[in-house]
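next one to model:
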Amino acid sequence: MTGCVVFDLDGTLADTSGDLVAAANACFEAMDLSSETLALARLDALRDAGVALRGGKRMLTVGLERAGLFTPERVEQWYQPLLECYGGALDVHTRMYPGAVEAVNRLRRDGHKVSVCTNKPEALAERVLTSLGVRDLFGALVGADTLPTRKPDVAPFWAAVDRAGGARDRSVLVGDSDTDRNTAAAAGRPCILVTFAPEGQAVRNLSPEATIDHFDDLPEKVRRLLG
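Numbering: from 1, shown residues only. Here you go, the predicted model:
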């Protein structure tokens, strides 16, 4: 039976935080806020990288809360404009993490299927991976809107395994957050969490089956978990 390694995208395969923060800040600037309020709302590319990797609605929520302007309705109002801003410049700062491409290629040579399961909208994820020149490495891509549900629901994870041609009982999820940990746990499958994303070593508190400090370590961890 063919093993399958399913990757999260943002904060796992690639650091997309810089372009996400830029899109959120463009939205705050378009809200016609006072200079003082805008300064409170604006996200910082370094300090708020972890916020960015939680997605567009989280960025809007955090910025608006800091400015004292948060309402669920305002977040919904600006979510689509944020996606449009991001879609217009999603590969300015985004980079694959060191060793990611080499690790994916090694897994493929070892006979594993590889796929992506992300809570980024599918069309945007396709564009990011294509821009980075790595879309063809993955046998399947399942985004936030590919199915009616998203992670931590198990359906997107299973779809990423099935569509890549892998075996469910020989699958593993590589991610960077509690969302990925909870998805793998719900599926009864092991999870490998990266420590080089903004959460850092704190992901160990989620009790994943394994962690990696660099992608060089991934093939061996997969072999240990899947055989």
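
tell me which stretches of the chain form helices.
Using DSSP state H, the helices of the chain run over 17-30, 35-41, 49-52, 56-66, 72-88, 100-109, 122-131, 154-164, 178-187, 218-226.

now do the buried residues in the last one.
Of the residues in helix 218-226, 218-219, 221-222, 225-226 count as buried by neighbour count, 16 or more other CB atoms under 10 Å. C-beta here means a position set from N, CA and C on the backbone, and glycine is covered the same way.

same check, this time on the fifth one
Buried residues in helix 72-88, defined by neighbour count with 16+ other CB under 10 Å: 75, 78-79, 81-83, 85-86.

ok, stretch 134-142 next?
Neighbour-count burial for stretch 134-142 flags 134, 137-142 (criterion: 16+ other CB under 10 Å).

need those in CSV with distance to residue 113, can you?
Listed next are these as CSV, based on distance: CB to CB, whole Å:
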residue, distance to residue 113
134, 15
137, 11
138, 9
139, 5
140, 8
141, 13
142, 13
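
among those residues, which ones are in strands?
The strands, defined by DSSP state E, take in 141-142 from the buried residues of stretch 134-142.

tell me which of the buried residues of stretch 134-142 is nearest to residue 45?
Among the buried residues of stretch 134-142, residue 134 lies closest to residue 45 (CB to CB), at 22.9 Å.

now the residue located most distally from the centre of the chain: how far from residue 100?
Distance from the C-alpha centroid of the chain, by CA atoms, centre = their mean, peaks at residue 34 (32.6 Å). Remark: distance between residue 34 and residue 100 (CB to CB, to the nearest Å) = 42 Å.

same question for residue 123.
Distance of residue 123 to residue 100, given as CB to CB: 22 Å.

repeat for residue 80
According to CB to CB, residue 80 and residue 100 sit 30 Å apart.

residue 38 now?
Residue 38 is 35 Å from residue 100, where distance means CB to CB.

I figured residue 100 hits residue 9, correct?
No. Residue 100 is beyond contact range of residue 9, at 10.6 Å (criterion: CB atoms under 8 Å).

which residues does the most centrally placed residue in the chain bridge with?
Taking CA atoms, centre = their mean, the centroid of the chain lies closest to residue 10, which sits 2.7 Å from it. Following DSSP bridges, residue 10 is listed with bridge partners residue 14.

pLDDT score for it?
The per-residue pLDDT reported for residue 10 equals 97.

quick one, what contacts the residue nearest to residue 215 when sequence neighbours are not counted?
Using CB to CB, 6 or more residues apart in numbering and skipping residues adjacent in sequence, the residue nearest residue 215 is residue 99, 3.3 Å away. Residues near residue 99 by CB atoms under 8 Å, 6 or more residues apart in numbering: 214-216, 218.
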